[in-house]
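> What follows is a protein structure lacking sequence information:
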């Protein structure tokens, strides 16, 4: 092998090794433990709108380390080869030259293998690839196609305001109420849970489990809109266009659109991020208003946080809802908060320093804003005929925040509150359910009658039907969902 080519190979092996391991360590230190499914998903979807602060943090903290380590190790490995080239004119033994080359190459490969082993051990890569080799018929057996279910709406159709609360979990509640905080970080949300419908996993305040395929924002949105987890394989090329998002799925947006609802999505960031535009435009033809819309209408001059913060988000929400309420048709207004996103959240001018820790302060500030927003809605003339759903999109990704100690008997869940439901709930305690169950449950809260009380993989929590988690147990359900489903790939993912 020519020595120049050999040197290039060694440098590439070393560079790839440090690039992968340093990036992985940074990801886990910044975001906590990511699953391979999340990583694969984000490798395949539009990344426009990614928080620039996070990107710059990665560049500042990782790139210098990667470059320095790669240069030093590469030089140590190729120096003997370069030295060989210089002394070759002295007719050094060719076998010695060959031995020097192969020793350097073997050492470079050893570095590469060691890094691969490190990645393999730290991630769930082994489990991921094992699941790619196993097939399951679980989804096919349990899936109820919403297109084929008779859903009867009341004559007077109710409006829906659906609020995804970024990283909002029930651990933020006080211990007295079912959380892990000595004093509640979210007193306003906690109060709403006590005064309204809260399907809980225990005897106190609780909520929905964030299970496989729903543990990040777009995965959770997919679960709540379409009643299925978001699962894609490495070989799947499924998002070639923004409207090509689980084209075989059918859910809340389509059902409401068919009934004459005006579907509206408000985001404080780029709608393209993570494929959200494809999800909402492709499933219900939502009108989307995001950070680019704010710039276009000259309501924003500079980027704030991921686009604009929740202080502006709730201001815009009041304006949009007021306009929707003037139309001669029911509306489905959906929005996603963002200030509580990791790392550390966004501290706005309204945030008080209650806890001496920014993330806790931001969480409390978010709760306050939600409480004020709900109060505003209740004061509006349309409220009487409007149902409000508050759901955490997933558990927090803030590293080491309310981490459970080994052996601690506590199950984390996301916030789950239904306000001004058309019907009352008879069984709200000790329920085991996931965010997928919100598809039929939300429709039931609007006063609809659903034949069989099941849609997709979700179950109407107002009914006596057992959810998948109650029927099979969480561990079994997640195990089956992780496996390859030909039905999912061929009929839902497409």
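Structure's in. What do you need? Predicted model, so just to flag it, every value in this text is computed and none were measured.

> and residue 458, bridged to which residues?
Counting by DSSP bridges, residue 458 forms beta bridges with residue 455.

> Count the residues that sit near it.
29 (other C-beta atoms under 10 Å). For the C-beta atoms, the positions are set from N, CA and C on the backbone; glycine is no exception.

> which SSE is residue 65 in?
helix 52-87 (DSSP states H and E).

> Quick one: list the elements packing against that helix.
Using 3 or more C-beta pairs under 8 Å, 6 or more residues apart in numbering; DSSP states H and E as the contact test, the elements touching helix 52-87 are helix 3-31, helix 94-122.

> okay, those in TSV with mean pLDDT and mean neighbour count next?
Below are the helices and strands packed on helix 52-87 laid out as TSV (pLDDT from 0 to 100; neighbours: other C-beta atoms under 10 Å):
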stretch	mean pLDDT	mean neighbour count
helix 3-31	82	17
helix 94-122	77	15
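
> Minimum distance to residue 408: which of the ones you listed has it?
Closest approach to residue 408 among the helices and strands packed on helix 52-87 is made by helix 3-31 (21.4 Å; C-beta to C-beta).

> one step back: what does the average pLDDT come to for the helix holding residue 65?
Mean per-residue pLDDT for helix 52-87: 78.

> between it and helix 94-122, what angle do the directions make?
160 degrees (axes from the mean of the first three to the mean of the last three C-alpha atoms, to 10 degrees).

> which parts of helix 52-87 are buried?
Across helix 52-87, burial judged by 16 or more other C-beta atoms under 10 Å covers 62, 66, 69-70, 73-74, 77-78, 81, 84.

> Going along the chain, name the strands of the stretch 151-300 of the chain.
Here the stretch 151-300 of the chain has its strands, by DSSP state E, counting those that start in this stretch, at 151-152, 159-165, 207-208, 262-267, 287-289.

> In JSON lines: the ones you listed, plus mean neighbour count, distance to residue 452 and mean pLDDT.
Compiled in JSON lines, those are given as follows (neighbours: other C-beta atoms under 10 Å; distance: least, C-beta to C-beta, whole Å; pLDDT from 0 to 100):
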{"stretch": "strand 151-152", "mean neighbour count": "13", "distance to residue 452": "10", "mean pLDDT": "98"}
{"stretch": "strand 159-165", "mean neighbour count": "23", "distance to residue 452": "22", "mean pLDDT": "98"}
{"stretch": "strand 207-208", "mean neighbour count": "30", "distance to residue 452": "21", "mean pLDDT": "98"}
{"stretch": "strand 262-267", "mean neighbour count": "23", "distance to residue 452": "25", "mean pLDDT": "98"}
{"stretch": "strand 287-289", "mean neighbour count": "19", "distance to residue 452": "31", "mean pLDDT": "98"}
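
> what would the ones you listed look like in TSV with distance to residue 448?
Formatted as TSV, these follow (distance: least, C-beta to C-beta, whole Å):
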stretch	distance to residue 448
strand 151-152	5
strand 159-165	11
strand 207-208	20
strand 262-267	16
strand 287-289	23
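
> and residue 220, what is it in contact with?
Applying C-beta atoms under 8 Å, 6 or more residues apart in numbering to residue 220 gives the contacts 164, 210, 214, 393-394, 414, 435.

> go on, residue 256?
Residue 256 makes contacts with 160, 263, 284, 330, 332, as judged by C-beta under 8 Å, 6+ apart.

> State the number of residues packed around the nearest residue to residue 306 once chain neighbours are set aside.
In space, and not counting its chain neighbours, residue 306 is closest to residue 269: 3.9 Å by C-beta to C-beta, 6 or more residues apart in numbering. By the criterion of other C-beta under 10 Å, residue 269 has 25 neighbours.
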